[in-house]
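Visitor: let's see this in three dimensions:
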Amino acid sequence: MITAEGLTKRFGDKTAVDDVSFTVQSGKVTGFLGPNGAGKSTTMRMIVGLDRPTAGSVTVNGSHYASMRAPLREVGVLLDAKAVHTGRTARNHLRAMAATHGIDSHRVDEVIELTGIGSVARKRAGKFSLGMGQRLGIAAALLGDPQTLILDEPVNGLDPEGVRWVRQFVRHVAGEGRTVLLSSHLMSEMAQTADHVIVLGRGKVLADAPLDEIVRSWTTSTARVRSPRLAELVTLLSAPQVTITSTGPGTADITGVTPDRIGDLAAAHGIALHELTPTTGSLEDAYLALTEQSVEYATKEIA
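Guide: Next comes the predicted model:
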């Protein structure tokens, strides 16, 4: 479990993280989302003692990272996959890390096999592609078989097989009761991976809830209806909270009423439905709605 209480970090007159409190629960994959400059990386750095909080505190399983006698065995971290000795082979990089914690060389072989870098393990890490560098960084995070994983953009540069492996792996370790904090800008991937989501914007917590709750709260469900007697159905459905938008002859998108209610009402009045298709918002839709006012580097929409 990761617990942040009133976590604040200032760099001069800029507040990167502003009185942030949250709990990352064990047994779940927690997604950590936010626009560039939201404070995600700074927060992760404070969790593992790389940045000192200006105020507040953060602990992992009740302990400050700096006080851990064998941090690799407790917290696995991937913040910057390029943070390797470029002249060392992947195997020797992992062996050097293992030696600092008395980790057996057999574990080095295990994580090499687990992350699929066996064919390049004897090559210098400085020659690695972006994807292979990410796999090496994940291998290093797993080296101590930790109870807590903190992974910043772990699928960056990975091919589809690697992305799927990361998704399946983090869900597996969460299923074992471990704690997983996962940052990514790939909303479609996060939607398939995370159980819970924390969203930051301009250094503040914008949302902290189960993924499905965030999607439900910040998006609109729509029903696409097609009927030869659409006008009659529209009259029956008319209510202040119902919005009906015509999308073509005999076709409309309806919000503010459930598809079940539409179907029941049509059946009760003998109105044939040729289509009744419910659509729900996505995590991407919810994320964009949440962070609309918190984007530091906004772009212009293309007409």
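Visitor: longest helix of this structure?
Guide: helix 160-175 (DSSP state H).
Visitor: mind listing the helices for this protein?
Guide: 40-47, 71-74, 90-100, 105-114, 130-142, 160-175, 187-193, 211-218, 230-237, 259-268, 283-291.
Visitor: point out where the chain drops to low pLDDT.
Guide: Applying pLDDT under 70 to the chain picks out residues 295-303.
Visitor: one more time with 50
Guide: For the chain, the stretches flagged by pLDDT under 50 are 299, 302-303.
Visitor: of the helices of the chain, which is nearest Thr148?
Guide: Closest approach to Thr148 among those (Cβ to Cβ): helix 71-74, 6.5 Å. No exception for glycine: its C-beta is placed from N, CA and C like everyone else's.
Visitor: can I get the CA coordinates of the closest one in CSV?
Guide: Output in CSV follows, covering the C-alpha atoms of helix 71-74 (Å, rounded to 0.1, in the frame of the first residue of the first chain):
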residue,chain,number,x,y,z
PRO,A,71,14.4,-1.3,-1.0
LEU,A,72,14.8,-3.5,-4.1
ARG,A,73,13.1,-6.3,-2.2
GLU,A,74,10.2,-4.0,-1.2
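Visitor: how far off centre is that helix?
Guide: 23 Å (Cα atoms, centre = their mean, to the nearest Å).
Visitor: list the helices and strands that helix packs on?
Guide: Of the remaining helices and strands, none touches helix 71-74 by 3 or more Cβ pairs under 8 Å, 6 or more residues apart in numbering; DSSP states H and E.
Visitor: let's see 10 Å
Guide: Using 3 or more Cβ pairs under 10 Å, 6 or more residues apart in numbering; DSSP states H and E as the contact test, the elements touching helix 71-74 are helix 90-100, helix 130-142.
Visitor: may I see the buried residues of the last one?
Guide: This means helix 130-142. 131-142 (16 or more other Cβ atoms under 10 Å).
Visitor: now that helix against helix 105-114, angle please.
Guide: 140 degrees (axes from the mean of the first three to the mean of the last three Cα atoms, to 10 degrees).
Visitor: could I get helix 130-142 in CSV with only the CA atoms?
Guide: Extracted in CSV, the C-alpha atoms of helix 130-142 (Å, rounded to 0.1, in the frame of the first residue of the first chain):
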residue,chain,number,x,y,z
LEU,A,130,13.7,1.9,-26.9
GLY,A,131,11.6,-1.2,-26.5
MET,A,132,14.4,-3.4,-25.3
GLY,A,133,15.5,-0.6,-22.9
GLN,A,134,12.0,-0.7,-21.4
ARG,A,135,12.2,-4.4,-21.0
LEU,A,136,15.5,-4.1,-19.2
GLY,A,137,14.0,-1.4,-16.9
ILE,A,138,11.1,-3.7,-16.1
ALA,A,139,13.5,-6.5,-15.4
ALA,A,140,15.4,-4.3,-12.9
ALA,A,141,12.1,-3.4,-11.2
LEU,A,142,11.3,-7.0,-10.8
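Visitor: report the angle between it and helix 90-100.
Guide: In terms of direction (the same axes, to 10 degrees), helix 130-142 departs from helix 90-100 by 20 degrees.
Visitor: chain center to helix 130-142: distance?
Guide: The answer for helix 130-142 is 18 Å, by Cα atoms, centre = their mean.
Visitor: which other helices and strands does that helix contact?
Guide: By 3+ Cβ pairs under 10 Å, 6+ apart, helix 130-142 packs against helix 71-74, strand 75-78, helix 90-100, helix 105-114, strand 148-152, helix 160-175.
Visitor: domain-wise, how is this protein divided?
Guide: As assigned by automatic domain parsing, the chain contains the domains 2-210, 220-279.
Visitor: buried deepest among these, which one?
Guide: domain 2-210 (a mean of 18; mean count of other Cβ atoms under 10 Å).
Visitor: what's the span of it, first residue to last?
Guide: Across domain 2-210, the terminal residues are separated by 16 Å (Cα to Cα, to the nearest Å).
Visitor: before we move on, what about stretch 195-213?
Guide: With Cα to Cα, one end of stretch 195-213 sits 10 Å from the other.
Visitor: distance to Ser184 for the helices and strands packed on helix 130-142 - can I get that in a markdown table?
Guide: Output for the helices and strands packed on helix 130-142, formatted as a markdown table (distance: least, Cβ to Cβ, whole Å):
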| stretch | distance to Ser184 |
| --- | --- |
| helix 71-74 | 23 |
| strand 75-78 | 12 |
| helix 90-100 | 24 |
| helix 105-114 | 20 |
| strand 148-152 | 9 |
| helix 160-175 | 9 |
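Visitor: so which of these gets nearest Ser41?
Guide: Here strand 148-152 is closest among those (Cβ to Cβ), at 6.4 Å.
Visitor: name the strands paired with the closest one and say parallel or antiparallel.
Guide: Note on strand 148-152: by DSSP bridges, its sheet partners are strand 75-78 (parallel), strand 179-183 (parallel).
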